[in-house]
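Chemist: Generate a structure from the sequence data that follows.
(3 chains)
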Amino acid sequence: MDRAIAHLDMDAFYVSVELLRRPELRGLPVVVAGSSARAVVTTASYEARRFGIFSATPAERARRLCPDAVFLPPDFEAYRARSREVMETLRTHVDQVEVVGLDEAYLDLTGLGWPKAAARRIKGAVTARTGLACSIGIGPSKLVAKVASDADKPDGFLALTRDEACRRFAASPPGLLPGIGPKTAERLAGRGIASLEALAATPDERLAEWFGPRLGVHLVRLARFEDERPVGGSRVAKSESRETTFERDLRGLPALEPVMEQLSDELCRRLALQERRGRTIGIKVRLDDFSIHTRARSAPVPTNDPDEVRRVAVELLRGLDPSRPVRLLGVRVAGLDEEPPPPAHGVDQLEMTF
DNA sequence: TCTGGGGTCCTAGGACCC
DNA sequence: TCTGGGGTCCTAGGACCC
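Modeler: Below you'll find the predicted structure:
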């Protein structure tokens, strides 16, 4: 039996949360972005998008594109609070909810009898509870559901079979699909593959030749909207990190080391709050040419001790000793030990062991 | 004035073990 | 001397997602 999967995506989520408390801004170009020189836009209202402002547009560029736009600083506490309301609402309607970030979730509606009617009810319930609009896509897989929700927003509702998805997006560029980013899209274009139709029709062997056996086969399956991934439950983070981009590039270890120590302290504070520890301590350095360099070291015993993390992070940084100006510094603790939060459901626990 | 921050997964090569 | 074959763990880089 075919599955019935829904993907719910909140419309312009951060901006929409801001508009709840600033209703007078409704209908105006509104942008949520940090204020630093190198900040980027996190969310733009649909009015602002008409000026060419989207997520990840540099904030300075956004100001030039639309000087009259209202710029608001991000308030993640508020977004997290609203997100919790959204996800609670979903869970009152559906057992199997996979949360993806603050503003997205997959729902497994298989076996509900009338999945579309259920999805309609859920959409209404989310808006009634939060005052926020969302878009829902429905399909036999996460892939179809996701693409459908993207295709019909804002305030969208679109159900597609796999065949319908293939036909509807036949002429769309491969980059439409989640999992095909700019690099892969460019490589495909270089081979003359500019549409999903063309990609779906490319023999497996050819793609395996170009992209390797795994990625090659994966790409064709995506283009045919074939996807068996289950709707997962709640996920526990495997690593945690803290990073910062400087207003102006920094040069030399004496300037960098204190920053690394502070980032380590902040990271350890967060880990300690969750009672989590990790075995692998890593650093990340982005240079002025945008190249990224990482170093990592694993220890036998997991830690979240600030002295230990600072010591290792600074040692790794000294080993790197970047000669070019540094744009970003980051520290990471990975290989986190098991379960911080109180045990959720028995089912989740069982899944974790696989 | 280009290009944030927090994550995940994959690959490839080397070390090491049996 | 001309040299296996797995399996696992680790590191570094890269692509991608929200």
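
Chemist: Going along the chain, name the strands of the stretch 101-250 of chain A.
Modeler: Ranges of strands in the stretch 101-250 of chain A, per DSSP state E, counting those that start in this stretch, are A:104-108, A:134-139, A:157-159, A:239-250.

Chemist: Count the neighbours of A:Pro23 for me.
Modeler: If you count neighbours by other CB atoms under 10 Å, A:Pro23 ends up with 9. C-betas here are computed from N, CA, C, even on glycine.

Chemist: Quick one: residues contacting it.
Modeler: By CB atoms under 8 Å, 6 or more residues apart in numbering, no residues touch A:Pro23.

Chemist: what does A:Ile53 give?
Modeler: Listed by CB under 8 Å, 6+ apart, the contact set of A:Ile53 reads A:Pro29, A:Val31, A:Val41, A:Ala44, A:Ala62, A:Leu65, A:Cys66, A:Ala69.

Chemist: That one: what secondary structure?
Modeler: On the three-state scheme (DSSP: H, G, I helix; E, B strand; the rest coil), A:Ile53 is labelled coil.

Chemist: State the distance from it to A:Phe71.
Modeler: Separation of A:Ile53 from A:Phe71 (CB to CB, to the nearest Å): 10 Å.

Chemist: Now the common contact residues for these two.
Modeler: By CB under 8 Å, 6+ apart, A:Ile53 and A:Phe71 have these common neighbours: A:Val31, A:Ala62.

Chemist: for the contacts of A:Ile53, which one is nearest DNA strand C?
Modeler: Nearest to DNA strand C, judged by CB to the nearest atom of the strand, of these is A:Val41 at 12.1 Å.

Chemist: Any figure for the gap between A:Gly212 and A:Glu228?
Modeler: Counting by CB to CB, the gap from A:Gly212 to A:Glu228 is 21 Å.

Chemist: do the same with A:Ala118
Modeler: Separation of A:Ala118 from A:Glu228 (CB to CB) stands at 22 Å.

Chemist: More neighbours: which of the two?
Modeler: Higher neighbour count among A:Ala118 and A:Glu228: A:Ala118, with 18 against 10, using other CB under 10 Å.

Chemist: list the contacts for the nearest residue to A:Ala194 once chain neighbours are set aside?
Modeler: Using CB to CB, 6 or more residues apart in numbering and skipping the chain neighbours, the partner closest in space to A:Ala194 is A:Pro173 (6.2 Å). A:Pro173 sits next to A:Ala185, A:Ala194, A:Ser195, A:Leu196 when contact means CB under 8 Å, 6+ apart.

Chemist: got it, and A:Pro115?
Modeler: Listed by CB under 8 Å, 6+ apart, the contact set of A:Pro115 reads A:Ala4, A:Ala6, A:Leu109, A:Ile138.

Chemist: And for A:Leu158?
Modeler: Neighbour list for A:Leu158: A:Ile136, A:Gly137, A:Ile138, A:Ala148, A:Ser149, A:Ala151, A:Asp152 [criterion: CB under 8 Å, 6+ apart].

Chemist: how close does the last one sit to A:Gly111?
Modeler: Put plainly, it is A:Asp152. Between A:Asp152 and A:Gly111 the computed distance is 25 Å (CB to CB).

Chemist: repeat for the first one
Modeler: A:Ile136 sits 18 Å away from A:Gly111, going by CB to CB.

Chemist: Look at these two and report which has more neighbours.
Modeler: Counted by other CB under 10 Å, A:Ile136 and A:Gly111 do not tie: A:Ile136 has more neighbours, with 25 against 11.

Chemist: Tell me where the model's unsure across chain A.
Modeler: Scanning chain A for pLDDT under 70 picks out A:339-354.

Chemist: before we move on, what SS does the closest residue to A:Glu315 other than its chain neighbours have?
Modeler: The spatially closest residue to A:Glu315, leaving aside those adjacent along the chain, is A:Arg297, at 7.9 Å (CB to CB, 6+ apart). Using three-state DSSP, the structure places A:Arg297 in strand.

Chemist: Am I right that A:Arg297 is in contact with A:Ile283?
Modeler: No - using CB atoms under 8 Å, A:Arg297 is not in contact with A:Ile283; the gap is 9.4 Å.

Chemist: Between those two, which contacts overlap?
Modeler: With CB under 8 Å, 6+ apart as the test, A:Arg297 and A:Ile283 both reach A:Leu316.

Chemist: Tell me, how many residues neighbour the residue of the stretch 101-250 of chain A at minimum distance from DNA strand C?
Modeler: Nearest residue of the stretch 101-250 of chain A to DNA strand C: A:Gly181, at 2.2 Å (CB to the nearest atom of the strand). When neighbours are counted by other CB under 10 Å, A:Gly181 registers 11.

Chemist: Give me the phi and psi for A:Leu72.
Modeler: Dihedral angles phi and psi of A:Leu72 (degrees, to the nearest 10) take the values phi -120, psi 140.
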